[in-house]
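Undergrad: I'll drop the sequence and a predicted model, then ask my questions.
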Amino acid sequence: MADEEEVVEPPRPIEVEYEPSSGMPPEFCEYLPKEDFLRTLPWLSENRSLEWLQENCKKYEKYFKTQDSLDEKLKNLTIANKQKEEAPKILPGGKVKKKQKPEILIERSVRNKRKCITTVTGLDVFGIKLAEAAKLLGKKFACGSSVVKHPTGVSQVETQGDFQFEIAELIMEKYKDKNIQEEHFFSVVKQKKSPLF
């Protein structure tokens, strides 16, 4: 037996760099759909060399033949994105689709003569995840709350109980970063919309 034992250091974890818009390692960006790959292209061109792009993104090698072709694609990419945002959606018949106004509709309906259901519609316009909001409402008010798809195709949050004003106050408090004000809330009573506050 040897008096001295070798001390073996445990292996250190490898730090992986991720591309911010897709959340994937740069080596896997080539397997993304074309739209997502084009979104990652500016970051890849800044953080990786042209040779690395040619070697690791063979599916999209036409963008990386030369540095000039890469620069040209990046210029076209930024212009195309701006044009897509500005163009309004045209419906059949040449009508232009209006942008949806940012509003949250809170409707109270009665079933079995004394049970109330409060329905909240329009949270998704502000970028709030409906499942997350349903879970928050269910925990806060100690009641059943779920995401339900309306026959018109609009998803909404249904909460058991009469919580019109409490829900509005909770949403304004919890989602301050979404800039939701009192004027965004409307009450729906017998198919008529009126300001809640």
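TA: Sure, I can see it.
Undergrad: residues in contact with Glu19?
TA: 25-26, 29, 40, 43-44 (CB atoms under 8 Å, 6 or more residues apart in numbering). Backbone N, C-alpha and C define where each C-beta goes, glycine included.
Undergrad: which of the residues you listed are buried?
TA: Buried subset of those (neighbour count, 16 or more other CB atoms under 10 Å): 26, 29, 40, 44.
Undergrad: could you dump the residues you listed to TSV with pLDDT?
TA: Formatted as TSV, the buried ones among the contacts of Glu19 follow (pLDDT from 0 to 100):
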residue	pLDDT
Pro26	85
Cys29	82
Thr40	85
Leu44	84
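Undergrad: just flag the most distant two among those residues.
TA: Pro26 and Thr40 (8.0 Å; CB to CB).
Undergrad: and whichever helix or strand Leu105 is part of, which strands flank it?
TA: Leu105 belongs to strand 104-111 when assigned by DSSP states H and E. If you go by DSSP bridges, strand 104-111 pairs up with strand 115-121 (antiparallel), strand 185-189 (parallel).
Undergrad: now this structure, which segments are flagged as low pLDDT?
TA: For the chain, applying pLDDT under 70 flags the ranges 1-4, 77-88, 97-100.
Undergrad: which residue ranges of the protein form strands?
TA: 104-111, 115-121, 145-149, 155-160, 185-189, 192-195 (DSSP state E).
Undergrad: any idea which of those is most buried?
TA: By mean neighbour count, with neighbours taken as mean count of other CB atoms under 10 Å, strand 155-160 ranks first of those at a mean of 20.
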